[in-house]
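Undergrad: Just the structure for this:
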Amino acid sequence: MRFYSMMLGCFLVCLLLLPMFAVAGSFKVLPLKLSLDSNTKTTLFKVINTDEQAVIVQLQAVDWQQDAQGEDVFVNTRDIVLFPKIVKLQADEERVVRIGFQAKTNSNEEKNYRIFAQELPQRNLPGGTLNFALRFSVPVFIKPEKTRENYTIASSSIENGWLKLVISNTGNQHIMLSSLTVNGVDESNQHTFNVRENGWYVLPDVVKPFYISLPQVECKSSSRLDYTVEIASKLHRKSIVVDPANCNKQQI
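TA: Residues are numbered from 1 along each chain as shown. Model prediction:
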């Protein structure tokens, strides 16, 4: 017991000797999504400091794709021009950033990019604090001349305690799976559980799986799952029969 008391005392002393740490500075960007096309190749967005301290934000544009597993892949690009690339904002200050698209537009399929707004960490802040950097990501969509929306819920299954939905986007523009809601129902038609998760973008010509964790005990007591998927502001409602053996939880 004496040993642990000594260790605790040393730990508290070390904490007192460390510099104080602040949470990340606060800034935001507006709007949260940008769209350009062959006729409109420039736009503006704002970086706004909502903190009481000055912040420095660095901007970077990347090409945005999704691989065979539907995972996001980012590659540096010169297609998107940003000015300025680094902005310093005083408390409650906002700055306008100019964005330009300088590559050829694809008349048949949307091109996709992201702008990362990264707060640069600053030392020697008042009180000896060190802030932790925030990062925001803004999608930039370069629209084709004629947009074509076409997608399907390719499959749904319960695997190792997860509901797996596979979304296939065969259109020429992105779609957004806004939310996925799952309701468990038992043999007497009584609700056993409800879970909800936010979704993500599915880029053109991409097949992307989405997973939602199911509570193991409630899943096993359910005879079916009723799920609702919101895609492009449209609701899709379907059901799937539950095999209790598939409710045993494993990490994906």
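Undergrad: Which parts of stretch 29-40 count as buried, going by neighbours?
TA: Buried positions in stretch 29-40, judged by neighbour count with 16 or more other C-beta atoms under 10 Å: Val29, Leu34, Leu36. Every residue, glycine included, has its C-beta placed from N, CA and C.
Undergrad: oh sorry, the question was meant for stretch 151-168
TA: Neighbour-count burial for stretch 151-168 flags Tyr151, Ile153, Ser156, Ile158, Gly161, Trp162, Leu163, Leu165, Ile167, Ser168 (criterion: 16+ other C-beta under 10 Å).
Undergrad: which is the next helix or strand following the helix or strand encompassing the third one?
TA: When you say that, I think you mean Ser156. Element membership for Ser156, per DSSP states H and E: strand 151-159. Where DSSP H and E defines the elements, the next helix or strand beyond strand 151-159 is strand 162-169.
Undergrad: give the contact list for Ala232.
TA: For Ala232, the contact set (C-beta atoms under 8 Å, 6 or more residues apart in numbering) comprises Glu149, Tyr151, Ile175, Met176.
Undergrad: Among these, which ones are in strands?
TA: Using DSSP state E, the subset of the contacts of Ala232 located in strands is Tyr151, Ile175, Met176.
Undergrad: does the first one really touch Leu165, like I thought?
TA: No: with contact defined as C-beta atoms under 8 Å, Tyr151 and Leu165 do not form a contacting pair (11.8 Å).
Undergrad: quick check, Val217 in a helix?
TA: Yes: under DSSP: H, G, I helix; E, B strand; the rest coil, Val217 sits within a helix.
Undergrad: Quick check, pLDDT for it.
TA: Note for Val217: predicted pLDDT of 96.
Undergrad: What count of nearby residues applies to it?
TA: Other residues within reach of Val217, judged by other C-beta atoms under 10 Å, total 11.
Undergrad: how far away is it from Leu59?
TA: From Val217 across to Leu59, the span is 47 Å (C-beta to C-beta, to the nearest Å).
Undergrad: same check, this time on Ala232
TA: Counting by C-beta to C-beta - Ala232 and Leu59 are separated by 29 Å.
Undergrad: Same question for Thr228.
TA: Taking C-beta to C-beta, one finds Thr228 at 37 Å from Leu59.
Undergrad: Also Leu214?
TA: Remark: distance between Leu214 and Leu59 (C-beta to C-beta) = 40 Å.
Undergrad: more crowded one of those two?
TA: Taking neighbours as other C-beta under 10 Å, Leu214 and Leu59 compare with Leu214 leading, 25 against 21.
Undergrad: Could you pull up the residues touching the residue most central in space within the chain?
TA: Residue closest to the average C-alpha location in the chain (C-alpha atoms, centre = their mean): Trp200, at 6.4 Å. Listed by C-beta under 8 Å, 6+ apart, the contact set of Trp200 reads Met176, Leu177, Lys208, Phe210.
Undergrad: ok, 10 Å please
TA: If you count contacts by C-beta atoms under 10 Å, 6 or more residues apart in numbering, Trp200 has them with Gln66, Gly70, Asp72, Ile167, Met176, Leu177, Ser178, Lys208, Phe210.
Undergrad: Ok, Trp64 next?
TA: Trp64 neighbours (C-beta under 10 Å, 6+ apart): 72-75, 77, 111-115, 137, 139-141, 174, 201, 203.
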